[in-house]
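J.: Structure of the sequence below:
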Amino acid sequence: MEKVVIIGTGCAGLTAAIYTARANLNPLVLTGTMPGGLLTTTSTVENYPGFTDGIDGFALMEGMQKQAERFGARIQFGNVESVDLATRPFALAVDGSTVRADAVIVATGAGHRHLGLESEARLEKKGVTYCATCDGALPMFRNQPLVVVGGGDSACEEALYLTRFASDVYLIHRRDQLRASKIMADRVLAHAKIKPVWDSVVTEILDVAQDKVTGVRLKQVKTGAETHLPCGGVFVAIGHVPNTHIFQGQLDLDANGYIVPRGGAETSVRGVFVAGDCADHVYRQAITAAGMGCMAAIEAERYLAQSAR
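T.: Next up, the predicted model:
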């Protein structure tokens, strides 16, 4: 029986772990399928306060975990398969076992959004990837023209990172200007290796018959014209999907699957709190996720104190 279980070990989950551990709640923290969250795939985090020269995303998360463990948080590698939030205490199915808790903090984050193409699915890990920092240095991508799909900060970061290895980087965006922050957009547009392809969408990734990526088929959204662009790899960076499917029918979700807080961090179920990208489709920053983790932890602590009276 646990006082509080935290689901997720990204910025939100680990910050919640630090706060609940310091409150002597002895939190159990479940890693999920991606320990450390998406930030572990970021090469350099430049906008997290306190690191004047930036910090590697994996190193930042590793430091947060050590800090949480120092105060008594217990990190368990496990995936929550289902939850029952209608019972008290709450029941979580974790890798075939049942974990019961008086309070739950949901910090499950978000995963990569896919293009939804059949060719994309068939060529995943065969030249199609969703993480430049994870895969960009692989021999199959070196000295090759590469494609990045997207126009936000993530896509720009992917494109900039890939310039270390690629001969050229083609940035495919459906609009005629980037959605990224000005500093990221300026870096991308000033880089000699990065070639933006405006007003275009990927309609097919080639070549399934060869079982590897050889190029992409593009459609110009304003004219409808189709072109073929040879490349050795496709890096998809078009946003994220919240990891909330196990909470469908249990918590209030919006139309896009994000958990809806009821003011602060409390969800539609009393005793269940939410933090980070699984509830935030606006800011989606490491610092805001950490702040939400702090909020959830404080509210959980207060809830448990009131319940004990």
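J.: mind listing the strands for the stretch 201-309 of the chain?
T.: 215-220, 226-230, 233-236, 240-242, 272-274 (DSSP state E, counting those that start in this stretch).
J.: what does the third one contact?
T.: Pointing back at strand 233-236 there. Residues outside strand 233-236 that contact it (Cβ atoms under 8 Å, 6 or more residues apart in numbering): 112-115, 120, 123, 127-132, 135-136, 140-141, 144, 146-150, 158, 162, 202, 205, 213, 216. Using the backbone N, CA and C atoms, a C-beta is placed for each residue, glycine as well.
J.: Mind checking which of these are in strands?
T.: Judged by DSSP state E, the contacts of strand 233-236 include 112, 128-129, 146-149, 202, 205, 216 as members of strands.
J.: Show me which of the residues you listed are buried.
T.: 112, 128-129, 146-149, 202, 205, 216 (16 or more other Cβ atoms under 10 Å).
J.: Run through the helices of the stretch 201-309 of the chain in chain order.
T.: Taking DSSP state H, counting those that start in this stretch, the helices of the stretch 201-309 of the chain run over residues 286-307.
J.: now swap in the stretch 51-200 of the chain and tell me
T.: According to DSSP H, counting those that start in this stretch, the helices that the stretch 51-200 of the chain contains are 57-70, 118-122, 132-135, 153-162, 182-190.
J.: May I see those organised as TSV, with mean neighbour count and mean pLDDT added?
T.: Shown next, in TSV, are the helices of the stretch 51-200 of the chain (neighbours: other Cβ atoms under 10 Å; pLDDT from 0 to 100):
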stretch	mean neighbour count	mean pLDDT
helix 57-70	18	96
helix 118-122	15	95
helix 132-135	19	82
helix 153-162	24	93
helix 182-190	15	95
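J.: least reliable of the strands of the stretch 201-309 of the chain going by mean pLDDT?
T.: Of all the strands of the stretch 201-309 of the chain, strand 240-242 carries the lowest average pLDDT, namely a mean of 91.
J.: distance between it and the chain's centre?
T.: Distance of strand 240-242 from the chain centroid (Cα atoms, centre = their mean, to the nearest Å) equals 7 Å.
J.: Give me the sheet partners of it and which way each runs.
T.: Using DSSP bridges, the strands paired with strand 240-242 are strand 110-112 (antiparallel).
J.: Which residues does the strand it pairs with contact?
T.: With Cβ under 8 Å, 6+ apart as the criterion, strand 110-112 contacts 34, 38, 130-131, 236-237, 240-243, 277-278, 284.
J.: Emit the PyMOL select command for whichever of these are buried.
T.: If you want just the buried ones from the contacts of strand 110-112 in PyMOL, going by 16+ other Cβ under 10 Å, the selection is:
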select buried, resi 34+38+130+131+236+237+240+242+243+277+278+284
